[in-house]
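Colleague: A predicted structure for the sequence below; I have some questions about it.
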Amino acid sequence: MSRDLNKLLNYSLLKISIIPFMLWTISTLVFILLRVAPGDPVDAILGSGANEASREILRDKLGLSESLLSQYLSYMNNILHLNFGESLSTQESVLNIILKSLPASIELGIFSIFFAILIGFPLGFLGMKYKGTKGDYISRVVGISSYAIPPFWGAMLSQLIFSVNFRIFPIGGRFPIIHSQPQITGFLILDSLLENNFIYFKDSFYHLALPSLTLGFLLSGTFSRSLRLNLEKTIKSDYVNAALCRGITRRKIILNHALPNALLPIVTISSLTIASLAGGALLFEVTFSWPGIALRLYEAISQRDYTVVQGIVIITSLLIVSLNLIVDIFIALLDPRIEY
């Protein structure tokens, strides 16, 4: 037992040791790409009609008149001290902007994954159980459609159907403008419960429902296909045949033995889905006017706001890398077949 724990500890330390190199690589790439991209943040702030003297003063203030090497060294030093600077356009702390925007994206992501599992698992299970029937074909069509639809197009389609035509859900936003939203943790659903305010909870969930359901449906195909394939593979295993020979019912075998083993690879897929969610959420949040970190990143890119883009990309990368690390360790604990 002690030997296994030492192996797991070494495996975890190896994974953790890779994180600084990955973050350094990402940070460097972001710095270079923003500098070689067309456009000038000074023009974005002052406008192209500003005189040269004003432009030079602002350039000196922002540190853009220094050499690229000096800018890079200063940039890396600030990151090491968790100082992401201030927004070039609003002068607000970048860390404060991230902390205000991140809860909205996390809340949307959590509910989207929940709905993806809620839709995907039954589809995958029914497709496997009724293989070759109409139910199987419907399951496949729904699954293929879900991950074939581009996120921004799916978002606009759901807005057109459920917001414009049927007027069931609001077309965008996170909370009614007429109310002042609760501010405790930044997660509106949780804050509404903490304040014991049912009206705020209802309004928060009402605005969250359409984007999370839409994104959940778009992600559900990955879960349904993965569950179906892993269940089919697990059911053909020798231990399942042995259990059938002992007279154990097929239902008990699937629920108690096959399903838990089939879910292990899905844990890995979940972490990859969350990583892809971070990339695909950009146009999705823009379409729904969802005030999350992806929308803030879009605005910062449009304004050529170097500091905000750099801060958001680094923090988002750190979260994704940390999540993948936790998932890897969790799978290593659950599955004794994994060598580490």
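Modeller: Ah, there it is. Residues are numbered from 1 along each chain as shown.

Colleague: okay, helices next: where are they in the stretch 51-200 of the chain?
Modeller: 52-62, 68-80, 94-129, 134-148, 151-158, 188-194, 198-235 (DSSP state H, counting those that start in this stretch).

Colleague: got a list of what Ile301 touches?
Modeller: Counting by C-beta atoms under 8 Å, 6 or more residues apart in numbering, Ile301 touches Val309. Heads up, the C-betas are built off the backbone N, CA and C, glycines and all.

Colleague: can you list the buried residues in the helix or strand encompassing it?
Modeller: For Ile301, the host element (DSSP states H and E) is helix 293-302. Of the residues in helix 293-302, those with enough neighbours to count as buried (16 or more other C-beta atoms under 10 Å) are 293-297, 299-301.

Colleague: what is the nearest of those residues to Gln71?
Modeller: Ala300 (17.6 Å; C-beta to C-beta).

Colleague: give the next helix or strand downstream of the helix or strand hosting Phe31.
Modeller: Phe31 is part of helix 2-36 when elements are defined by DSSP H and E. Note on helix 2-36: by DSSP H and E, the next helix or strand toward the C-terminus is helix 41-46.

Colleague: who touches that following helix?
Modeller: With contact meaning C-beta under 8 Å, 6+ apart, helix 41-46 is reached by 50, 54-55, 58-59, 62, 64, 88-89, 303-306.

Colleague: just the buried residues of these.
Modeller: Buried among the contacts of helix 41-46 (16+ other C-beta under 10 Å): 55, 58, 62, 64, 88-89, 303-306.

Colleague: got JSON lines for the residues you listed, with pLDDT too?
Modeller: As requested, the buried ones among the contacts of helix 41-46 are exported to JSON lines (pLDDT from 0 to 100):
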{"residue": "Arg55", "pLDDT": "80"}
{"residue": "Leu58", "pLDDT": "76"}
{"residue": "Leu62", "pLDDT": "73"}
{"residue": "Leu64", "pLDDT": "76"}
{"residue": "Leu88", "pLDDT": "82"}
{"residue": "Ser89", "pLDDT": "79"}
{"residue": "Gln303", "pLDDT": "82"}
{"residue": "Arg304", "pLDDT": "82"}
{"residue": "Asp305", "pLDDT": "86"}
{"residue": "Tyr306", "pLDDT": "83"}
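
Colleague: reformat those residues into TSV and put distance to Ser145 next to each item.
Modeller: Output for the buried ones among the contacts of helix 41-46, formatted as TSV (distance: C-beta to C-beta, whole Å):
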residue	distance to Ser145
Arg55	51
Leu58	50
Leu62	47
Leu64	47
Leu88	42
Ser89	40
Gln303	36
Arg304	38
Asp305	37
Tyr306	40
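
Colleague: where does the stretch 201-340 of the chain dip in pLDDT?
Modeller: 272, 274-281, 335-340 (pLDDT under 70).

Colleague: what's the separation between Thr133 and Gly127?
Modeller: For Thr133, the distance to Gly127 equals 9 Å [C-beta to C-beta, to the nearest Å].

Colleague: who has more neighbours, these two?
Modeller: Here Thr133 and Gly127 are compared on neighbour count by other C-beta atoms under 10 Å; more neighbours surround Gly127, at 25 against 12.

Colleague: pLDDT wise, what is the more buried one at?
Modeller: If you check Gly127, the pLDDT there is 84.
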